[in-house]
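Visitor: How does the following fold in three dimensions:
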Amino acid sequence: MMPMNNELLFTEQRPRRADAVKNRALLLETAHRLFTEKGVDAVSMSDIAEAANVGKGTLYRAFPNGKVELCHALLDKDQRDLQDRALLYFRNQSDALHSLRWFLAEVVEFVERNSALLCVGAVDAGLKSLEHPAHLWWRQTIRALLQRLNPQIDIDYAADVLYVMLDVHVTYFQRTALGYDTPRIIDGLTNTLHQLIK
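Guide: Just a heads-up that it's a prediction; the model follows:
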């Protein structure tokens, strides 16, 4: 069994009071509803506070770093689900190449599904999103699977090539500027993988 990083996205640092937990859940539910109805860019933090019928102080106590932190919190469940599915899949699949192809496709689908949330604050963050522990887990998984394949290549660099191609900035550019659809992105990643390891 290859080593996996169990560090999940945005884990709690300390216990929260019951009212704080309730307010956070309400705000996440309200934000999710508004984002679905109007789009992430069209909804302000004030809109969320008003729709949840809470003061801005309550909103910013729950999410001190504003909309970026709120969007990251909304990503948490999907990221955890991806990790759980991946760990289960890897336990039941001994073929590293098949596992790596599956994992790349799963991450592309995750990025596509969550691109609006991932793009919030992306201009300011730049490539720092690649340094987030939850996303670095993708790189570590790719590297571990490449290592199991034992190709005669620089495994770290190959992992970087595949990992960077999963970044929301790259997939957004491919979809909007180049007109690629999701199957083409997944096929391109798979073909790149085969070129790297052959």
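Visitor: Specify which residues of the protein, grouped into ranges, have pLDDT under the cut-off.
Guide: For the chain, applying pLDDT under 70 flags the ranges 1-16, 121-129.
Visitor: Could you pull out the helices in it for me?
Guide: Applying DSSP state H to the chain gives helices spanning 18-38, 45-52, 56-62, 67-92, 96-113, 115-119, 122-125, 133-149, 155-164, 168-176, 182-197.
Visitor: tilt between the longest one and helix 133-149?
Guide: Here the directions of helix 67-92 and helix 133-149 differ by 20 degrees (axes from the mean of the first three to the mean of the last three Cα atoms, to 10 degrees).
Visitor: can you check the second one too?
Guide: The directions of helix 45-52 and helix 133-149 differ by 100 degrees, with the same axes, to 10 degrees as the criterion.
Visitor: rewinding a little: output the helices of the chain as a markdown table; include the columns mean neighbour count.
Guide: C-beta: built from backbone N, CA, C; applies to glycine. Output for these, formatted as a markdown table (neighbours: other Cβ atoms under 10 Å):
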| stretch | mean neighbour count |
| --- | --- |
| helix 18-38 | 15 |
| helix 45-52 | 17 |
| helix 56-62 | 16 |
| helix 67-92 | 16 |
| helix 96-113 | 18 |
| helix 115-119 | 19 |
| helix 122-125 | 12 |
| helix 133-149 | 19 |
| helix 155-164 | 17 |
| helix 168-176 | 16 |
| helix 182-197 | 15 |
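Visitor: Nearest spatial neighbour of A62, chain-adjacent residues omitted?
Guide: Among residues not flanking A62 along the chain, R24 sits closest, at 4.6 Å (Cβ to Cβ, 6 or more residues apart in numbering).
Visitor: Who are the contact partners of the residue lying closest to L97 once chain neighbours are set aside?
Guide: Leaving aside its chain neighbours, L97 sits nearest to L149 (5.9 Å; criterion: Cβ to Cβ, 6+ apart). Counting by Cβ atoms under 8 Å, 6 or more residues apart in numbering, L149 makes contact with A96, L97, L100, I197.
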